[in-house]
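Participant: whatever this is, show me its structure:
(one chain, ligands or ions: 2)
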Amino acid sequence: MNLEKIMQDLEKKNPGQTEFLQAVREVLESIEGFVNENPQYDSHKIIERLTEPDRIIQFRVTWVDDKGEIQVNTGYRVQFNNAIGPYKGGIRFHPSVNLSILKFLGFEQIFKNSLTTLPMGGAKGGSDFNPKGKSDNEIMRFCQAFMTELWRNIGPEMDVPAGDIGVGGREIGYMYGWWKKLTREHNGVLTGKGRNWGGSLIRPEATGFGAVYFANEMLKLVGQDFKGKIVALSGFGNVAWGAALKATQLGAKVVTISGPDGYVYDPDGISGDKINYMLELRASNNDIVKPYAEKYGVEFFEGRRPWEVKCDIAMPCATQNELNEEDARMLVKNGVKVVCEGANMPCTPEAVTVFHENKIPFGPGKAANAGGVATSGLEMSQNGMKLMWSAEEVEERLRQIMVNIHANCVKYGTEPNGYVNHVKGANIAGFIKVADAMIDQGVI
Ligand code: NDP
Ligand code: 2IT
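Facilitator: Ligands and ions are numbered 1, 2, ... in the order given. Sure thing, here's the model as predicted:
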């Protein structure tokens, strides 16, 4: 495989799609050696086929705001690869959404879903709609307008969307309601549903819980666990909330959360009611964490990121490229023991290099945050069987899946000197299953 030639062709074909090209390069660099040792992948042009989405659906979303004014947004669904199962992946509502971001997320999702061991292909969707400051009615009208276009392209055996940034239980409810209205079918086509109408217990917690379970496995590699550890988190949304909850349950102290406005430092630990307050903050649609500092009388660092705080475990849980080389150096200098991505691609390639050079165990999002989509897969199973598992059963399956993903990273990512390169391990393990399925299914 000629990596530079493939990247040059992709750059020509996808000009300016920096996030997508960044995600592809990271995967290709780490699987290059493996692909070269297994020539069937080259002869079947697997890399060329895997980096081109099966299809992209783009549509206009027109809706009326509370003032009676007509608003126009763009909606997308990137159906990237369904070699191992129906397309599966979240929907993101954020003003930054564009094709590059959704293609990077859809591409990552292929490998992530493969790692879960469940039969799910990779997809992602979303819109440049900005939920900030919108009323509940506006959110509902937007979700309905979005689903009016999307519904033809999804289905429980075809493509099963879920939440992501800006899309949580409320938005899934409005979209599912409109799907039902249009199709008259109640078949679980979205995951992350409410617990009384087909949702799985533990799905809201799953991404954060899974990331902590994964980090726990990483800590074992260096003879440690969560007990008594200091954890720095970024973000304050769904993933950060779940991570704060589980890290605290395991005996760690979470000292930071952050928003686009800055970060709060709570040296006593974000636990109990303070974790519940994160939900309130998120639901306020204001996208700021400063009120936490005011409510609990702790320090707020405006416009700064939490990576300057001394911690044992760093878990970026907000968004892509939020932890750069300088942040990574600061974390290493302050003695960080493991870094585990709750968000998708929050660490820049330069930051990842710093962790690898310093032999800090680094868990990439596609492995560490796979608990969210894995539990979505468990929701699909429950919907298919028309029954519901207990919270304990779902959580135990989730924990086992995370332990297995970690074991796969160790299997394929252990270097001759004993250091586990989780990026390499995750990419190779995720790739094999999808690539082999593509070969089995012929030229399509
Ligand atoms: P939420 O919308 O619940 O929360 C994301 C939070 O991060 C928002 O508060 C957002 O604010 C904030 N944020 C955005 N940019 C920054 C920044 N530069 N600094 C600090 N905070 C920022 O989304 P999720 O928690 O669901 O998603 C977080 C990450 O986890 C994303 O990368 C997502 O793709 C990933 N993920 C989510 C899964 C899920 O099940 N929900 C599963 C796997 C991964 P604002 O909106 O103002 O930018
Ligand atoms: O990035 C992700 O894995 C998600 N946003 C969850 C996708 C899902 O289908 O549950």
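Participant: around ligand 2, pick out the residues from this protein.
Facilitator: For the chain, the contact set with ligand 2 under CB under 6 Å from any ligand atom comprises 88-90, 112, 162, 164, 191, 344, 372-373, 376. In short, each C-beta sits where N, CA and C put it, glycine included.
Participant: of these, keep whichever come out buried.
Facilitator: Neighbour counting by 16 or more other CB atoms under 10 Å classes 88-90, 112, 162, 164, 191, 344, 372-373, 376 among these as buried.
Participant: farthest-separated two in these?
Facilitator: Within these, T191 and N344 form the most distant pair, 17.0 Å apart (CB to CB).
Participant: between the residues of the chain next to ligand 2, which is nearest Q8?
Facilitator: For the residues of the chain next to ligand 2, the nearest to Q8 is N344 (25.3 Å; CB to CB).
Participant: enumerate every residue touching that closest one.
Facilitator: 104-105, 108, 320, 365-366, 369 (CB atoms under 8 Å, 6 or more residues apart in numbering).
Participant: A helix includes it, no?
Facilitator: No - N344 is assigned coil when assessed by DSSP: H, G, I helix; E, B strand; the rest coil, not a helix.
Participant: and it, how far from F431?
Facilitator: 18 Å (CB to CB, to the nearest Å).
Participant: ok, now P364?
Facilitator: P364 is 13 Å from F431, by CB to CB.
Participant: who's more crowded, those two?
Facilitator: The neighbour comparison of P364 against F431 (other CB atoms under 10 Å) goes to P364, with 30 against 25.
Participant: show residues contacting the helix or strand encompassing K88.
Facilitator: Here K88 sits within strand 87-93, counting by DSSP states H and E. If you take CB under 8 Å, 6+ apart as the criterion, strand 87-93 is touched by 54, 79-81, 101-102, 105-106, 109, 113, 120-127, 129-131, 142, 158-167, 171, 175, 372-373, 376-377.
Participant: go on, stretch 353-362?
Facilitator: Contacts of stretch 353-362 (CB under 8 Å, 6+ apart): 218-219, 221-222, 325, 328-329, 331-332, 336-340, 347, 352, 419-423.
Participant: part of a strand, is T62?
Facilitator: Yes - the assignment for T62 is a strand, going by three-state DSSP.
Participant: hmm, it is touching I70, no?
Facilitator: Yes - taking CB atoms under 8 Å as the definition, T62 is a contact partner of I70 at 6.5 Å.
Participant: more neighbours, the two?
Facilitator: Counted by other CB under 10 Å, T62 and I70 do not tie: T62 has more neighbours, with 13 against 8.
Participant: for this structure, longest helix please?
Facilitator: Secondary structure of the chain read by DSSP state H shows that its longest helix is helix 391-413.
Participant: helix or strand next in line after that helix, which one?
Facilitator: In N-to-C order, the element after helix 391-413 by DSSP H and E is helix 422-440.
Participant: pLDDT averaged over that following helix - what is it?
Facilitator: Mean pLDDT, taken over the full extent of helix 422-440, equals 98.
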